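Peer 1: pasting a predicted model and its sequence here:
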Amino acid sequence: MKRLAELALAAALAGLLSAPGAAQGRLSLLDQGEYICALPGDATGSAWIEQSGRDFAITGGSSYRAARGGGTYLMEGKKVTFTRGPMRGMKFMRLGSGMLQEIARDGKLGRLRCHRAGPTRD
């Protein structure tokens, strides 16, 4: 009987630790506006090299618009995951107000950064 109680307790603790709320941060939203994406340059040229076709706009709620269409994203704590649309699967880390850095497939921060450039253009 004691062994059964220990197993039940272990299962309950494992369930709590694997719950989405325990593993992630609070849900929130990005600031609305146009985001311009760029890679860092070098000392011999521009400080930033804009990446055409990578820009997007946060349009309201958890929606975005990109050159190839719109979609949705999910922001948990500082992690932003694009869940639908042309940017589906892309992940970013929010560095500060209006600044995002791409998370590479290996989970490390990548070189691409996107910053909020201003309000959305209609």
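Peer 2: Thanks, I have it.
Peer 1: now do the strands in the protein.
Peer 2: In chain order, the chain shows strands spanning 27-28, 33-40, 48-50, 56-60, 63-66, 69-76, 79-84, 91-96, 99-103, 109-118, with DSSP state E as the criterion.
Peer 1: so which elements touch the longest one?
Peer 2: Just to be clear, that refers to strand 109-118. With contacts defined as 3 or more CB pairs under 8 Å, 6 or more residues apart in numbering; DSSP states H and E, the secondary structure elements packing on strand 109-118 are strand 33-40, strand 91-96, strand 99-103. (C-beta placed from N, C-alpha, C; glycine too.)
Peer 1: how about 10 Å then?
Peer 2: strand 33-40, strand 56-60, strand 91-96, strand 99-103 (3 or more CB pairs under 10 Å, 6 or more residues apart in numbering; DSSP states H and E).
Peer 1: what sits up against the second one?
Peer 2: The reference is to strand 56-60. Contacts of strand 56-60 with the rest of the structure, by CB atoms under 10 Å, 6 or more residues apart in numbering, involve 29-37, 63-68, 70-71, 73, 75, 80, 82, 85-87, 90, 98, 100, 114, 116-122.
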